[in-house]
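[1] Here is the input, now give the coordinates:
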Amino acid sequence: MVSNLVAADVEAVLDATVAGSTAEVLVVDPSAETLVSLVEAAADRTDLPPLSVLADEAVSKTLAGTFSVASRAADLVEDGALDLRVLDASVDNTLLISDERVVAFVTAGEAVGALSTTDEAFVDAVAEPHRDAFEAASTYDLRTPSLRRVRETLADEIGPDVRDDFDAVLEAAVPDQTDVLDEVTVALLVAARNDVLLYDVSKWGEDVGIASKATFSRTKTRLEDAGLIDTEKVPIDVGRPRLRLTLGDDRLDGLEPAAFAATAVDVLSQ
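    The predicted structure follows:
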């Protein structure tokens, strides 16, 4: 049986084809947009099957462009809900292959078209070579810590209030703000909001795998130059004084997360 489906987005195709199934689904050669949509859908829902994804390496690298997406993908990998591997040859169409169905994606603007068949012989003929290719492919290393680990270690090592602020500001940042409010910038801003030592937040960030201490230091300087944060010296028993981060712009005081994010972006964009 062959059927056509025109849907609003990738998630709607998943709803119409594999939602509610528990059998692993193989996705072959997704676009960057499709891969992000798959990660977001799988992270937000409990009714989708495990995803085995065979994607071009350049496409997989786009996940790292947004920390919230990459870290949620890492959560899925840890949970066994996502297995991301490297595609070494191009495919004519983006394919979704389940035990019972093959779906070919065709995108047109923001709409998604899907040609689906449940013909058993055809499904077997398509599935076998692609599943063999997946088994032979190397695993793609996301190089991003899972959001779960980031949140747990931030609460344990820095404090639950900082963790809550980090979550809230990341969640409040709209897509066109994420280039300015990357994970290091957000971590430093919420650390300053809670009077945390630069040493503590940068050591946490390096240990958890977000960024090096040098990156935290450079970003701290950029935020200082913009007037968003200040530092004050805190003497210690041995060695150089540590620096405590504080907010440097009164406009950030007491703001809710969305307004905090928007104000920081406005200042950094000037």
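[2] in the stretch 51-200 of the chain, what spans have low per-residue confidence?
    Applying pLDDT under 70 to the stretch 51-200 of the chain flags the ranges 109-111.
[3] mind listing the strands for it?
    Using DSSP state E, counting those that start in this stretch, the strands found in the stretch 51-200 of the chain span residues 51-56, 82-87, 94-97, 102-108, 111-117.
[4] Make a markdown table from these and add mean neighbour count and distance to Val27 to it.
    C-betas here are computed from N, CA, C, even on glycine. Shown next, in a markdown table, are those (neighbours: other Cβ atoms under 10 Å; distance: least, Cβ to Cβ, whole Å):
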| stretch | mean neighbour count | distance to Val27 |
| --- | --- | --- |
| strand 51-56 | 24 | 5 |
| strand 82-87 | 20 | 10 |
| strand 94-97 | 22 | 5 |
| strand 102-108 | 18 | 9 |
| strand 111-117 | 17 | 12 |
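[5] With distance to Gly248 added, can I get those strands in JSON lines?
    Putting the strands of the stretch 51-200 of the chain into JSON lines (distance: least, Cβ to Cβ, whole Å) gives the following:
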{"stretch": "strand 51-56", "distance to Gly248": "42"}
{"stretch": "strand 82-87", "distance to Gly248": "40"}
{"stretch": "strand 94-97", "distance to Gly248": "47"}
{"stretch": "strand 102-108", "distance to Gly248": "45"}
{"stretch": "strand 111-117", "distance to Gly248": "46"}
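[6] So for Ala64, which of those sits nearest?
    With Cβ to Cβ as the criterion, Ala64 lies closest to strand 82-87 of the strands of the stretch 51-200 of the chain, at 12.0 Å.
[7] so Gly113 bridges to which residues?
    Beta bridges link Gly113 to Val6, Val106, judged by DSSP bridges.
[8] Correct me if wrong: it contacts Val103.
    No: at 10.3 Å, Gly113 does not count as touching Val103 under the criterion of Cβ atoms under 8 Å.
[9] overlap in contacts of those two?
    Taking Cβ atoms under 8 Å, 6 or more residues apart in numbering as the contact criterion, Gly113 and Val103 have no common neighbours.
[10] sorry, back to before: of all the strands of the stretch 51-200 of the chain, which one is nearest Ala136?
    Among the strands of the stretch 51-200 of the chain, strand 82-87 comes nearest to Ala136, with 9.0 Å by Cβ to Cβ.
[11] what's the nearest residue to Ser37 if we skip its chain neighbours?
    Of all residues not flanking Ser37 in the chain, Val10 sits nearest, at 3.8 Å (Cβ to Cβ, 6 or more residues apart in numbering).
[12] got the residue ranges for the helices in the stretch 1-150 of the chain?
    All helices of the stretch 1-150 of the chain, identified by DSSP state H, counting those that start in this stretch, fall at 10-17, 32-44, 57-61, 67-79, 120-136, 147-157.
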